[in-house]
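> Build me a model from this:
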Amino acid sequence: MSETFQVSATEHGVIRIFMVNLSADDAARFMQGPEEINRALDVGDLDEEFVELFALSMLDGVGLAGYLVDGLGVAEADVAPYRSRLNGMTGHVLIVLSRAFGGRAATITPRAPLKWIGTYTEEGANVKFEPLPSKGAEGAMTGSPAKAPKSDARVGGMIAMYALIAMFALVALMIWVAG
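Model (predicted):
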């Protein structure tokens with residue numbers, strides 16, 4: 001029985017790795033159209049921009065473990081227990097990133113020629129809260145700033161505006177009574 005994986009619509013940063021049990025020529029044909037990969041994963045349309053199929057021999061010197069850490073941002077601690085197994089694999093590998101599902105929920109049921117190898121997550125950004133370098137940024141905020149008192153010109157303008165509104169209302173009332 002093959003594994004089944006649930007992909008939520010909000011999934012982010014998950015990397016699924018599958019071994020592709022095909023010869024080099026068959027693997028090249030397998031990647032020519034997304035239909036073959038969609039069928040092998042038993043899913044709808046995947047965004048090809050976030051699906052990678054390549055020969056592991058392309059990673060000489062780096063290895064699959066190094067590619068996961070340096071290329072895809074998986075934490076070193078997550079890869080370390082599987083480093084020798086990942087780097088010892090040969091043939092072709094299929095890597096499917098969360099973004100390949102385009103924000104849609106899906107169920108993955110890999111079929112031949114795919115075999116699930118592992119699922120990893122991208123490491124979050126390391127946020128460091130350090131003091132700002134400028135001395136101008138030092139100090140403490142205390143309460144909200146006091147509201148500036150209204151100037152005499154502003155008060156006079158407000159009185160004039162209310163007087164004009166009252167006169168307009170009185171004129172409108174006189175016209176209405178006269179009419």
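> What helices and strands are in contact with the biggest helix by length in the chain?
Using DSSP state H, we find that the single longest helix of the chain is helix 152-178. Packing partners of helix 152-178 (3 or more Cβ pairs under 8 Å, 6 or more residues apart in numbering; DSSP states H and E): none among the helices and strands. The C-beta positions use only the backbone N, C-alpha and C, and glycine is treated the same way.
> Now do that helix, average pLDDT.
Helix 152-178 shows a mean pLDDT of 91.
> send the alpha carbons of the helix or strand of the chain with the lowest mean pLDDT over as CSV?
The helix or strand of the chain with the poorest confidence is helix 24-32; it has a mean of 79 (mean pLDDT, DSSP states H and E). C-alpha atoms of helix 24-32 as CSV (Å, rounded to 0.1, in the frame of the first residue of the first chain):
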residue,chain,number,x,y,z
ALA,A,24,17.7,8.3,-17.6
ASP,A,25,15.8,8.2,-20.9
ASP,A,26,12.5,7.3,-19.3
ALA,A,27,13.0,10.1,-16.6
ALA,A,28,13.5,12.6,-19.4
ARG,A,29,10.2,11.6,-21.0
PHE,A,30,8.6,11.6,-17.6
MET,A,31,9.4,15.3,-17.1
GLN,A,32,8.4,16.4,-20.6
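> Which strands and helices lie in contact with that helix?
Partner elements for helix 24-32 (3+ Cβ pairs under 8 Å, 6+ apart): helix 34-41, strand 51-55.
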